[in-house]
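Asker: would you be able to build a 3D model of this:
(chains A, B, C and D)
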Protein chains: 2
Amino acid sequence: MSTAALLEKDRRTQAERTALSDAKMLSAAVELICAKGTTRTTLKEVGELAGYSRGLASHRFGTKDQLFTFIVRSVGELWLKELRLAVRDEVGVRAIGAAVDAHQAFITQGANNIRAFYILWFNSIGPDQGLREVVANIHHRRRRDVENWIQKAVVNKELSSTVDYRGAAQNFCAAIIGIVYQWLADPENVEHIRELHTILKTQTALALGKAH
Amino acid sequence: MSTAALLEKDRRTQAERTALSDAKMLSAAVELICAKGTTRTTLKEVGELAGYSRGLASHRFGTKDQLFTFIVRSVGELWLKELRLAVRDEVGVRAIGAAVDAHQAFITQGANNIRAFYILWFNSIGPDQGLREVVANIHHRRRRDVENWIQKAVVNKELSSTVDYRGAAQNFCAAIIGIVYQWLADPENVEHIRELHTILKTQTALALGKAH
DNA sequence: ATATTACTTGCTCGCAACAAGTAATTTTTA
DNA sequence: TAAAAATTACTTGTTGCGAGCAAGTAATAT
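Answerer: Residues are numbered from 1 along each chain as shown, chains lettered A, B, ... in the order given. Predicted coordinates:
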């Protein structure tokens, strides 16, 4: 049942209650992270902005770190799915192209949850945070996807078997991170972001084609 | 006068006292950031690890944000200088190559201040932080340097005048950020980092040469 | 009606931030 | 040139706020 539908009811099951408060707190946290960053976002405010008590976010998630983990996991899963959907059963250069287009559409349409997701992503850099391994996991799976797209095209004979699919995927993912960085650092400059995506596409195509 | 020399003296000028405590607190902060990340680093601990009172870091820097700003500025300036030194008066593809080599040497030699610098760099992403503009400033100057290297080679006729030097520089810097991300996410894998640097060099050369 | 689960309120601890203090160095003045 | 006054470096005292936990109340389930 959707969040909107849950809001209509005047009596909800316990499961529905937690689902609703989870959803509301998730969106409150996203707003706050986008508005004031991770350090200035407080669990107290997350609970209150969601329409509950100061203590609920603490109680539900335990720590700030765990709330952030929850967000990254939720948005990250959604996001991987969307990317795969965009690529469908394309392989090789066309798959990369579709993924880059989808990525660009995602971040330029400016949904706050993607923005918060990437802010958390970058903030997770550094030692000790529990968030780190969740991010590493998503990052790894993303790279594996890219590797698969390329490898399938090699099997297909669309690409040369001498292609270094692991290296190409690594480099591709590194470049994506770089682009996202630029986007977060200067969100206004949409044209710049578009340009970076285009360059990435042609460069990756070049890197893959070069091995022919 | 060097920090080591200042330590010898039993009487120091006021300027020397602050220079010494600044240096000690800087290095304490770097250690703490590398050891436990930015959020778990406290001003209290910075002062105490540096051998002073719990309150000095607060008193000197005001806020955590301003301490971090101080670190990024200090290390960032040093770092830009070193890069320029490595490039000397090379231009074009050779300048890029020299810069990439220097960058790789920097981060693989694993000096903690570079590591802390980049951790702060990534953590500064997001809204509202004072740190942000300092990072943006350094980032911008770095990109300008790269643009200049390319442009000089165009003037030199080493590179075609149809080269998009701004786009190439943007893309290059985005890729550097991506590489640094990978390094911080998985510092052990030195070989991977080396590889990414190599790929970046060849790809940039390709992107520049292609326009001939 | 009782039990379970969701949420709230009360509380403690630690840190940031600031104010008011003490200690070191510099300047003044005789 | 040396004590006194002023300035600058650093420390200690205090307040406020949020995290995190415990012990409550309210809603749903049995």
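Asker: from here on, just use CA atoms for contacts and neighbour counts.
Answerer: Fine.
Asker: up against DNA strand D, what does chain A have?
Answerer: Residues of chain A that fall close to DNA strand D, judged by Cα under 7 Å from any atom of the strand: A:10-15, A:41-44, A:55, A:58-59, A:62-65.
Asker: near DNA strand C too, which of those residues?
Answerer: Restricting those to those near DNA strand C - Cα under 7 Å from any atom of the strand - leaves A:14-15, A:55, A:59.
Asker: any bit of the host helix or strand of A:Arg115 sitting next to chain B?
Answerer: Using DSSP states H and E, A:Arg115 sits within helix A:112-123. Yes: applying Cα under 8 Å from any Cα of the partner chain, one finds helix A:112-123 in contact with chain B at A:119, A:122-123.
Asker: sorry, back to before: what about the ones next to DNA strand C among the residues of chain A next to DNA strand D, which one has the most neighbours?
Answerer: Comparing these by number of neighbours (other Cα atoms under 10 Å in any protein chain shown), A:Gly55 comes first, having 14 neighbours.
Asker: please name the nearest non-neighbouring residue to it.
Answerer: A:Lys44 (6.2 Å; Cα to Cα, 6 or more residues apart in numbering or on different chains).
Asker: please apply the same query to A:Gly76.
Answerer: Nearest one to A:Gly76, counting by Cα to Cα, 6+ apart, is A:Ile138 at 6.8 Å.
Asker: how distant is the helix or strand hosting A:Glu48 from the center of its chain?
Answerer: Using DSSP H and E, A:Glu48 falls within helix A:43-49. Relative to its chain's centre, helix A:43-49 lies at 23 Å (Cα atoms, centre = their mean, to the nearest Å).
Asker: for stretch A:71-78, same thing?
Answerer: Distance, stretch centre to chain centre, for stretch A:71-78: 7 Å (Cα atoms, centre = their mean).
Asker: what does it rub up against?
Answerer: The contact list for stretch A:71-78 (Cα atoms under 8 Å, 6 or more residues apart in numbering or on different chains) reads A:26, A:113-114, A:117, A:120-121, A:131, A:134-135, A:138.
Asker: now that stretch: mean pLDDT?
Answerer: The average pLDDT for stretch A:71-78 rounds to 91.
Asker: in it, what counts as buried?
Answerer: Residues A:71-73, A:75-76 are the ones in stretch A:71-78 that count as buried (16 or more other Cα atoms under 10 Å in any protein chain shown).
Asker: can you redo those residues as TSV with secondary structure?
Answerer: Below are the buried residues of stretch A:71-78 laid out as TSV (DSSP: H, G, I helix; E, B strand; the rest coil):
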residue	secondary structure
A:Ile71	helix
A:Val72	helix
A:Arg73	helix
A:Val75	helix
A:Gly76	helix
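Asker: select the longest helix from chain A.
Answerer: Secondary structure of chain A per DSSP state H: the longest helix is helix A:14-40.
Asker: does that helix reach chain B?
Answerer: Yes: judged by Cα under 8 Å from any Cα, helix A:14-40 comes into contact with chain B at A:33-39.
Asker: of those residues, which is the nearest to DNA strand D?
Answerer: Nearest to DNA strand D among these is A:Thr39, at 8.0 Å by Cα to the nearest atom of the strand.
Asker: count of residues packed around the nearest residue to that closest one once chain neighbours are set aside?
Answerer: Nearest residue to A:Thr39 in three dimensions, chain neighbours excluded: B:Thr39, at 7.5 Å (Cα to Cα, 6+ apart). Each residue near B:Thr39 was counted by other Cα under 10 Å, and the total is 13.
Asker: same thing with A:Gly51?
Answerer: Neighbour number of A:Gly51 under other Cα under 10 Å is 14.
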